[in-house]
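Trainee: whatever this is, show me its structure:
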Amino acid sequence: MNMETMISLDKIVKNYYIGSITVEALRSIDIDIKKNEYVAIMGPSGSGKSTLMNLVGALDTPTSGEYILNGTDVSKMDDDRLAEIRNQEIGFIFQTFNLLPRYTALENVMLPLIYAGVSKSERAEKAKHTLEEVGLGDRMDHKPNELSGGQRQRVAVARALVNNPSIILADEPTGNLDSKTSVDIMKLFGQIHERGNTIILVTHEESISRYAHRIIRLLDGEIDKVEINKNPKK
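Mentor: Here you go, the predicted structure:
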């Protein structure tokens, strides 16, 4: 397995300014994540998990420090270039699924391909194939309200995968699911990892973090500790 560094965060600081008050969300974060790693980011509310996720996902830029993604310095990019990086490199999966209610599963999965400029016929073909990969080949024409929570999350996973991103960022992906469905979704994540994707999972659930191979714990905007999980759940 090629273990080259894919993500490198060097002395990352992120401050928010509310009037005259400075909120230090992240304080001098140093993290390297290698290609095909499976990492969980944990920490209590307010520890900086979401801020870190937004920076790694190129949804935001740091106040100071350097963020190198696949050899490219992302830390000083403008919004247009950040959007390009997001579309090419990163697939997002959210707790609330973020599906468009009036669109079918197939149409929801096709959306990132529209932004990527893929032709209409190729969009449909790729989206169908990806839905089949996540076990929803028989639900393509269903709208989100006609699907269970687990099926909706599978649509969201397919949408994240359809552009063949190198990195999957999952923010509390089992937060709205029951325990049995959570296990099914985490098994799907395991299959995605085996395909070669790098997975970064933000969770507050210890049981979910145990699927990851490395756990980074944040506290008050700093790295509290890093744990290697020698026996990840499958």
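Trainee: wait, doesn't residue 24 sit right on residue 17?
Mentor: No: here residue 24 does not reach residue 17: they are 10.7 Å apart, not a contact under C-beta atoms under 8 Å. All C-beta spots, glycine's among them, are computed from the backbone N, C-alpha and C.
Trainee: which residues touch the helix or strand containing residue 128?
Mentor: Using DSSP states H and E, residue 128 maps to helix 120-133. By C-beta atoms under 8 Å, 6 or more residues apart in numbering, the residues outside helix 120-133 that reach it are 105-106, 109-110, 113-114, 118, 137, 139-140, 155, 158, 161-162.
Trainee: let me see the ranges of the strands in this structure.
Mentor: 5-18, 21-34, 38-42, 64-69, 72-73, 90-94, 167-171, 198-202, 214-219, 222-228 (DSSP state E).
Trainee: measure residue 91 to residue 211 for me?
Mentor: 17 Å (C-beta to C-beta, to the nearest Å).
Trainee: for the closest residue to residue 15 other than its chain neighbours, give me its contacts.
Mentor: For residue 15, ignoring the flanking residues on the chain, the nearest one in space by C-beta to C-beta, 6 or more residues apart in numbering is residue 63 at 4.6 Å. When contacts are counted by C-beta under 8 Å, 6+ apart, residue 63 touches 13-15.
Trainee: picking up where we left off before, of residue 91 and residue 211, who's got more company?
Mentor: residue 91 (26 against 23; other C-beta atoms under 10 Å).
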